[in-house]
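**Student:** Let me see the structure of the following:
(one chain, ligands or ions: 1)
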Amino acid sequence: MEERDLFDVTIIGGGPAGLYAAFYSGLREMKTKIIEFQPFLGGKINVYPEKVIWDVGGLPPTTGEKLIEHLVQQGTAFNPEVVLNEKVTGIDKNEAGIFVLKTASGSLHYSRTVILAIGSGILKPMKLNLEGADRFEASNLHYTVKSIGRFRDKTVLIAGGGNSAIDWANELSEIARKVYLTYRKDTLKGHEASVTKLSENGVVCLPNTEIVRLIPASDEDRIERAVLRDLEDDSTAELQIDDLVVCHGYERDRDIIDNSNVRIEMKDEYCVAGTPSGETSVPGLFAAGDILSHEGKLHLIAGCFQDAANAVNKAKQYIAPDAPGYGMVSSHNELFKERNREFKKRLFAELAAVRE
Ligand SMILES: Cc1cc2nc3c(=O)[nH]c(=O)nc-3n(C[C@H](O)[C@H](O)[C@H](O)COP(=O)(O)OP(=O)(O)OC[C@H]3O[C@@H](n4cnc5c(N)ncnc54)[C@H](O)[C@@H]3O)c2cc1C
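**Tutor:** Sure thing, here's the model as predicted:
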């Protein structure tokens, strides 16, 4: 390994936690790398690019797509090295105390510290368990909603009883002709306010039902009707639909945890046990965002930011024990002086143009 290959911090995962960690580690003048499995940054928000997000501090209601744009702009402000399309498969620590990250492509990455920001792991949507259903994925069977506009004036069947299905039912009801929601249980498992909104929005809820067959249109390429079974009396009914959205959750690939030679203590099946400062059972390895569990954890985008800054501060002190506990706020930070000057110049030019 050459010195130039060694990073102060390597962040695994390029979602909100990873991106904010990259920004903050730049602020703390650490040589930073992000490794992301997907060919793009933004993490789970890519699952809901058109959803309007209301609960990120300091931002008016913003679409997922716009928020990703802001996060990436901020996260790359200090030019971290960004490696996309790369799955980290395991973490080792060598005799010199350097972390060695193994990847699916066979390359190795060396780092003094690591921040695990893998969210819920690599997500793969749970597919509809019906033979031949996959052939409709190119037409009107969806596992994510990429563009709300395509559902305008359509009859949409949504399958699933969790928050994601409920949110989409409410969201699509504003533009679709009709929205049906089918779920196997008696009740929905979602936020109370969102469940209440379903009836206000005219969504037809079909509890205790499941899809048992998809009937194609004459061209065989599109679903024309879905056959639903009533689980209480076994009767069936056909529903004519334009689109089917399946929200049955995700399989999570967390091989990285199981295949690592460092022993990462877990809180449960899903989360790493950590402190509110992002420390884990492995010295030098920190965690942030949805993967981290601690007392007071907020599983929201807003929660990612504090986790990320805390993890970076701890990583900084791991490398340089005498370094201050946190970075200088941006208004007093030397690193921003030149950028502030440029910003002010642009603002003044804009104001002058308005006056003219
Ligand atoms: C439908 C839906 C709606 C939501 N709405 C809101 C909302 O309105 N407001 C809100 O605050 N929160 C919302 N959330 C939650 C929010 O998206 C998460 O809290 C947030 O994305 C967590 O960020 P993260 O960076 O911890 O993880 P993620 O966003 O999951 O990012 C983790 C990244 O790590 C990558 N990764 C995983 N494993 C590896 C590996 N081995 N190697 C390389 N890369 C890897 C993944 O590909 C992913 O890009 C919503 C979530 C969903 C599913």
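
**Student:** There's contact between residue 98 and residue 6 in this structure, I believe.
**Tutor:** Yes: using Cβ atoms under 8 Å, residue 98 makes contact with residue 6 at a distance of 6.8 Å. Backbone N, C-alpha and C define where each C-beta goes, glycine included.

**Student:** Mutual contacts of these two, please.
**Tutor:** Jointly contacting residue 98 and residue 6 under the rule Cβ atoms under 8 Å, 6 or more residues apart in numbering are 110-112.

**Student:** among the residues you listed, which are in reach of the ligand?
**Tutor:** When Cβ under 6 Å from any ligand atom is applied, no member of these is adjacent to the ligand.

**Student:** Using JSON lines, please lay out these together with secondary structure and neighbour count.
**Tutor:** Shown next, in JSON lines, are the shared contacts of residue 98 and residue 6 (DSSP: H, G, I helix; E, B strand; the rest coil; neighbours: other Cβ atoms under 10 Å):
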{"residue": "110", "secondary structure": "strand", "neighbour count": "18"}
{"residue": "111", "secondary structure": "strand", "neighbour count": "26"}
{"residue": "112", "secondary structure": "strand", "neighbour count": "20"}
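
**Student:** What is the burial count for residue 163?
**Tutor:** When counting by other Cβ atoms under 10 Å, one arrives at 15 neighbours for residue 163.

**Student:** Chain neighbours aside, what residue packs nearest to it?
**Tutor:** Distances taken as Cβ to Cβ, 6 or more residues apart in numbering place residue 190 nearest to residue 163, at 4.6 Å, with adjacent residues excluded.

**Student:** Quick one: name the residues of the stretch 201-350 of the chain near the ligand.
**Tutor:** 256, 289-290, 299-302, 304.

**Student:** While we're on residue 175, how confident is the model there?
**Tutor:** For residue 175, the model assigns a pLDDT of 96.

**Student:** I misspoke; the intended subject was residue 212.
**Tutor:** 97.

**Student:** buried residues in the helix or strand hosting it?
**Tutor:** Secondary structure assigned from DSSP states H and E places residue 212 in strand 209-216. Residues of strand 209-216 classed as buried by neighbour count (16 or more other Cβ atoms under 10 Å): 209, 211, 214.

**Student:** Name the residues linked to the closest residue to the second one other than its chain neighbours by a beta bridge.
**Tutor:** Going back to what we said before, that points to residue 211. Spatial nearest neighbour of residue 211, chain neighbours left out: residue 226 (5.2 Å); criterion: Cβ to Cβ, 6+ apart. Beta-bridge partners recorded for residue 226 (DSSP bridges): residue 214, residue 239.
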